[in-house]
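**Q** Provide a 3D model corresponding to the input given below.
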Amino acid sequence: MKIAYAFRRCASYPYNGGGLPTDTKNQQQFLQKAKEIGFEGIELPTMNLPDAEIGTLRTQLEDAGMPCVAIRGGGGAAHPRVAAGNKQAMINAVNFAAKIGANVVNSTVTTPPRDPNGKGTYRGEPVSQGSSRQASAIDYEQTATAVSEVASIAVDQNVSISIEVHQNSIVDNSWSALHLLELIDAPNVGINPDLGNIYWTYDIPEESCEDAIVALAPHVNYWHCKSLYRVHIPDLETAIYVQVPLPDGEIDYRFAIAALLDADYDGYLAIEGVRYGDQFHQDGRSVAYVKSVIADLKS
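**A** Here you go, the predicted structure:
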């Protein structure tokens, strides 16, 4: 099991931007530090770049020892307003992944909220708009058809698709993930069992992280990991979630990693980085924790 950096903050003085630095000096500084704290690859969003620039970026990443191992992009097909655009976004992600040297496209199947001003547009509420609880059979069928069509394009480019378990999505728990996967029935499509997303979808988690990872472990082809503290306010039917390094949160990643090792998973464990504060200190603690747990379990 290898460790990738699904960074969500990119700050390396004087650079403070939303994505990977484009100038060589700051980019190399960022990549060097990520490599130093133990990451073995990096996840990137889909980028609209000319082929020559993609080739240059690929070389820079690989020379730094931080190759791109996954691309994120795409979306759900259950809502007609966004279905065609999301499908094309997933195709674009596949094409970009092949050019940058990544073998995985990570995609959610989220859809727009029915009521942007209503409950369930965010996390930690008693409802979740676009959820599996609200989904119909045709929502799954349309999504499966779209993903299957993209998967047939991806297989020719040696790219796999990982469907991320995510809030505001018809895939937001283990049951719904397995149901969609069965409908897709493609060898290069698997699941990203993001336990943090299961934990913070509702004010009261729908299922335990332990039950979810045991059910999904045999089908995992990419894995986002983040951890959280949950502060439940029952009178307001709300829960507030605070992201923390993996060893400090309420998700038992020793249990989860053991489940993946037992399923012979040898892909990437992608640490979804913190969004605030010193990312290298906090994400470095997550890397060290994961490595210590893997070593302990294997011994």
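
**Q** For stretch 91-107, what does the pLDDT average out to?
**A** Regarding stretch 91-107, the rounded mean pLDDT is 98.

**Q** My read is that Ser160 contacts Val150, right?
**A** No. At 11.1 Å, Ser160 does not count as touching Val150 under the criterion of C-beta atoms under 8 Å. Where C-beta positions appear, they are placed from N, C-alpha and C, glycine not excepted.

**Q** of these two, who's got more company?
**A** The neighbour comparison of Ser160 against Val150 (other C-beta atoms under 10 Å) goes to Val150, with 27 against 23.

**Q** Just the element for the residue nearest to the more buried one when sequence neighbours are not counted, please.
**A** Spatially, and ignoring its direct neighbours in sequence, Val150 is nearest to Met90 (4.8 Å; C-beta to C-beta, 6 or more residues apart in numbering). Using DSSP states H and E, Met90 sits in helix 83-100.

**Q** Counting by contacts, list what that helix packs against.
**A** The helices and strands touching helix 83-100, judged by 3 or more C-beta pairs under 8 Å, 6 or more residues apart in numbering; DSSP states H and E, are helix 51-63, strand 68-72, strand 104-107, helix 137-155.

**Q** Out of those, which is closest to Phe255?
**A** With C-beta to C-beta as the criterion, Phe255 lies closest to strand 104-107 of the helices and strands packed on helix 83-100, at 22.8 Å.

**Q** Now do the buried residues in the closest one.
**A** Of the residues in strand 104-107, those with enough neighbours to count as buried (16 or more other C-beta atoms under 10 Å) are Val104, Val105, Asn106, Ser107.

**Q** residues touching Arg8, list them.
**A** Glu272, Gly273, Val274, Arg275 (C-beta atoms under 8 Å, 6 or more residues apart in numbering).

**Q** now with 6 Å?
**A** Residues in contact with Arg8, defined by C-beta atoms under 6 Å, 6 or more residues apart in numbering, are Gly273, Arg275.

**Q** pLDDT value on it, please?
**A** The score at Arg8 is 93. That number is its pLDDT.

**Q** quick thing: my sequence starts at 49, can you match it?
**A** OK, 49 is where the count begins now, so the last one is Arg56.

**Q** Relative to Gln75, how far out is it?
**A** In this structure, Arg56 and Gln75 are separated by 17 Å, where distance is defined by C-beta to C-beta, to the nearest Å.

**Q** who are the neighbours in contact with Ala52?
**A** The neighbours of Ala52, taking C-beta under 6 Å, 6+ apart as the test, are Gly89, Glu91, Val117, Tyr316, Ala318.

**Q** Are we agreed that it is in a strand?
**A** Yes. Under the criterion used here (DSSP: H, G, I helix; E, B strand; the rest coil), Ala52 sits inside a strand.

**Q** Quick check: bridge partners of it?
**A** As for beta bridges, Ala52 partners with Ala318 under DSSP bridges.

**Q** show me where the stretch 149-298 of the chain has strands.
**A** 152-155, 208-212, 237-240, 271-273, 275-281, 286-292 (DSSP state E, counting those that start in this stretch).

**Q** Out of the ones you listed, which is the most enclosed?
**A** Highest mean neighbour count of the strands of the stretch 149-298 of the chain: strand 152-155, a mean of 28 (counted as mean count of other C-beta atoms under 10 Å).

**Q** So which elements touch that one?
**A** Contacting strand 152-155 under the criterion 3 or more C-beta pairs under 6 Å, 6 or more residues apart in numbering; DSSP states H and E are the following elements: strand 116-120, helix 131-148, strand 208-212.

**Q** contacts for that strand?
**A** With C-beta under 6 Å, 6+ apart as the contact definition, strand 152-155 has outside contacts at 118-120, 122, 138, 141-142, 145, 207-210, 212, 240, 270.

**Q** Need the strands of the stretch 149-298 of the chain in CSV (columns: distance to Cys257).
**A** As requested, those are exported to CSV (distance: least, C-beta to C-beta, whole Å):
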stretch, distance to Cys257
strand 152-155, 19
strand 208-212, 15
strand 237-240, 14
strand 271-273, 11
strand 275-281, 10
strand 286-292, 13
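
**Q** Ok, which of those comes nearest Gly168?
**A** The stretch from the strands of the stretch 149-298 of the chain with the least distance to Gly168 (C-beta to C-beta) is strand 286-292; that distance is 11.7 Å.
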